[in-house]
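Trainee: A predicted structure for the sequence below; I have some questions about it.
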Amino acid sequence: MLARPTLTKRSSDESADETQVAQSRAKEERFHLRVDGQMKSSFSSKELAMTAGAVIKRVFPVVMVTILDTNDGSVEVIK
């Protein structure tokens, strides 16, 4: 019979480095672009968010595209 390979545990230094790289996130800006309730990206200005939302709405007219202002909590629907 063939022998099974033995499992070895990584040292704590190696696993911490890999985990830290995998969990890094991009910085979130003030205006969030949401498509069907899921956040897709964030922008520093409302104009950039509206432009990106309009492009998505033009390509996929059925989805609900909204812009969320995180400072005052207002939500604007793109039609």
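Mentor: That came through, no problem. Numbers count the residues shown, from 1 in each chain.
Trainee: Low-confidence ranges, the chain, go.
Mentor: In the predicted model, the chain carries pLDDT under 70 at residues 1, 11-27.
Trainee: Give me the buried stretch members for the longest helix anywhere in it, please.
Mentor: Criterion DSSP state H: the longest helix present in the chain is helix 46-59. The neighbour-count check on helix 46-59 (16 or more other CB atoms under 10 Å) flags 49-50, 52-53, 57 as buried. C-beta coordinates here come from the backbone N, C-alpha and C atoms, glycine included.
Trainee: which one of these is nearest Leu7?
Mentor: Closest approach to Leu7 among the buried residues of helix 46-59 (CB to CB): Ala52, at 46.0 Å.
Trainee: list the contacts for the closest one?
Mentor: 33, 41, 43 (CB atoms under 8 Å, 6 or more residues apart in numbering).
Trainee: Swap in 7 Å and give it another go.
Mentor: 33, 41 (CB atoms under 7 Å, 6 or more residues apart in numbering).
Trainee: now the strands: where do they sit in the chain?
Mentor: Counting by DSSP state E, the chain has strands at residues 31-35, 38-43, 65-69, 75-78.
Trainee: what does the last one contact?
Mentor: Residues from elsewhere that reach strand 75-78, judged by CB under 7 Å, 6+ apart: 50, 53-54, 57, 65-68.
Trainee: Can you list the strands that that strand pairs with?
Mentor: Partner strands and pairing direction for strand 75-78 (DSSP bridges) are strand 65-69 (antiparallel).
Trainee: again with the longest one
Mentor: Applying DSSP bridges, strand 38-43 is found paired with strand 31-35 (antiparallel).
Trainee: Return the angle between stretch directions for the partner strand and helix 46-59.
Mentor: Strand 31-35 and helix 46-59 are oriented at 10 degrees to each other (axes from the mean of the first three to the mean of the last three CA atoms, to 10 degrees).
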